[in-house]
Every structure is written in C-alpha cells, then in structure tokens.
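Asker: Below are the sequence and a predicted model; questions follow.
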Amino acid sequence: METKPAQGHLHPIARAIFEIRAIFAELGFEVAVGPELETEWYNFDALNIPKDHPARDMQDTFWIKDPKSVQLTTNNLQLTTRSRHRLLRTHTSPVQIRYMEDKLESDIKSPYRIIVPGKVFRNEATDATHEAQFYQLEGLYVDRKVSMAQLKGVLEFFFKKFFGPEVEIRFRPSFFAFTEPSAEVDMKWKGKWLEMFGAGLVHPNVLKAAGVDPKKWSGFAFGGGIDRLVMFKYGIPDVRMFYNGDLRVVNQF
C-alpha cells in the first residue's frame, strides 16, 4: 500500500495520516475503513455501551430520524435485537466490530492489526480545542495473550516516531466501556505531560459482539484525535483553522 504523500501542498491532517500510516505499517498494521453514517448497534451497543450506560453521556451525538430496529442473528448464533437507529459516528471504534465481523465471514482468523484514521462527529460547541467534526485515529490488535506491555510498546514506538525520540509516555488508570483495564495515555512534550490517547485491553463483551471467542483471543485498542496530534507537532493554536478553508494554513504544508 502506498504510504507516501503526493508532491505539492497537502492539508496538514492529510499529511499526518500519511505519516501515521507509514509508522504503523512498520509494525504490520493495515488501514481499515468504515461508514461515517453508522447504526446505534455498531457505535454503542456492540462496544459494550448499552442504552442505560453512563458512557453514552460522554458523547454528544448527531442522531438521524430512523426509529427502526430489526432482529438479527449474530456470529455467535445468539438472537439479539440490533438497533437500526442511525447517527453520525462519534468515534472510529465501530470499525473494530465491522472489521472483525468481515474477517470471520471470510473465515480469516486472528491476529488482526489495524489502524482506522477517519472523521467523527460530536454535537458540541466549537472553540479553540473542540470541533463538531474532527479526525480520530483508532488502533486494534487481536491475538493470543495480548498484554498491556505490548500496547505500551506499540504506542511508545509511534509517539517517538511521530514527535521525536525524546518523547516519554505514561499510562494512568481510566475508564472506557470497551476496554478493561483502561488507561489514559499521556505524552511528555517540551517538559509538560499532555493527555493524548485512550487505550486498554479489548473488553470480552466487545469480542463477543463481533463473534470472536474471548476465551481464545484477546486484544488491545487505542484511540485519539489526529487534529490534536497535528496541533502539538506544528504549533497550531486553534483546531478551527483546519476547517475554515484558509489556504495560508494548507500552503505551509
């Protein structure tokens, strides 16, 4: 797969995605994609975030009027009700489920190593550090006996490649519905600790939802904002500069 950008000016986020793809390609990760218009099942339910889960309150969502649901048989042969309520995806994590389902249908077994760079949407007010749309980077690795040590090694490799060898990272305990244990990933950059990613070992319920046996397989996942990575790397003070169409920003890249 081609990972080098074409000649000429590129938007800084596009340039960052090319660079991110090249870094993770060194570790055997491939790029996966999924729809920006998602269903409630893939965006929340299959990621261990049921309707009454408090984690839903952390993500302000753009919902589409489509109040339908349908009975479906999942890969683990359990009859479930999959909500077909549609929404603009709030994170790239639904691609984890779609990718694992596709591989199972193709009878391709683990390990899986993927990254998912893509656009996500949150129904929130914009300011210098928040936008209603932004780009997120998702990562998933599924294999036998995956550990937090492997996760830290992969992320340390990435951050040192992207920002420079002087970078340090640390894990802080946190909560995410789709990983257990979970951690916030901080990066020490120019003498300051900055919160960059969320990460952890894939929750068994997430593997089950995709039809993967959690007794045989385990995995780790991570995610964070690409816009945030670019802002720190190039000293861009306002996330809205990426989306206002000002060519003076793009022409610097």
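Answerer: Good, I have the coordinates. Worth saying up front: this structure is predicted, and the values here are computed from it rather than measured.
Asker: For beta bridges, what are the partners of the nearest residue to residue 202 once chain neighbours are set aside?
Answerer: Leaving aside its chain neighbours, residue 202 sits nearest to residue 219 (4.0 Å; criterion: CB to CB, 6 or more residues apart in numbering). C-betas here are computed from N, CA, C, even on glycine. Listed beta-bridge partners, residue 219: residue 142 (assigned using DSSP bridges).
Asker: And the pLDDT at residue 219?
Answerer: Per-residue pLDDT puts residue 219 at 96.
Asker: so how far is residue 24 from it?
Answerer: The gap separating residue 219 from residue 24 is 15 Å, by CB to CB, to the nearest Å.
Asker: quick revisit: spit out the contact partners of the residue nearest to residue 202.
Answerer: The neighbourhood of residue 219, defined by CB atoms under 8 Å, 6 or more residues apart in numbering, consists of 110, 112, 140, 141, 142, 143, 146, 201, 202, 207.
Asker: Kindly recompute the last result at 6 Å.
Answerer: Residue 219 sits next to 141, 142, 146, 202 when contact means CB atoms under 6 Å, 6 or more residues apart in numbering.
Asker: Wait, a helix at residue 50?
Answerer: No: read with DSSP: H, G, I helix; E, B strand; the rest coil, residue 50 is coil and lies in no helix.
Asker: Phi first, then psi, for it.
Answerer: Per-residue torsions, residue 50: phi -70, psi 180 (degrees, to the nearest 10).
Asker: Tell me both backbone torsions, phi and psi, for the closest residue to it other than its chain neighbours.
Answerer: Excluding the flanking residues, the one nearest residue 50 by CB to CB, 6+ apart is residue 44, at 7.4 Å. When quoted as degrees, to the nearest 10, the phi and psi of residue 44 stand at phi -130, psi -60.
Asker: Throw the contacts of residue 219 into JSON lines and include distance to residue 183, pLDDT and neighbour count, thanks.
Answerer: Below are the contacts of residue 219 laid out as JSON lines (distance: CB to CB, whole Å; pLDDT from 0 to 100; neighbours: other CB atoms under 10 Å):
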{"residue": "141", "distance to residue 183": "15", "pLDDT": "97", "neighbour count": "23"}
{"residue": "142", "distance to residue 183": "18", "pLDDT": "95", "neighbour count": "24"}
{"residue": "146", "distance to residue 183": "14", "pLDDT": "96", "neighbour count": "18"}
{"residue": "202", "distance to residue 183": "13", "pLDDT": "97", "neighbour count": "26"}
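Asker: wait, doesn't residue 85 sit right on residue 38?
Answerer: No: the pair residue 85 and residue 38 does not pass the contact test of CB atoms under 6 Å, sitting 9.7 Å apart.
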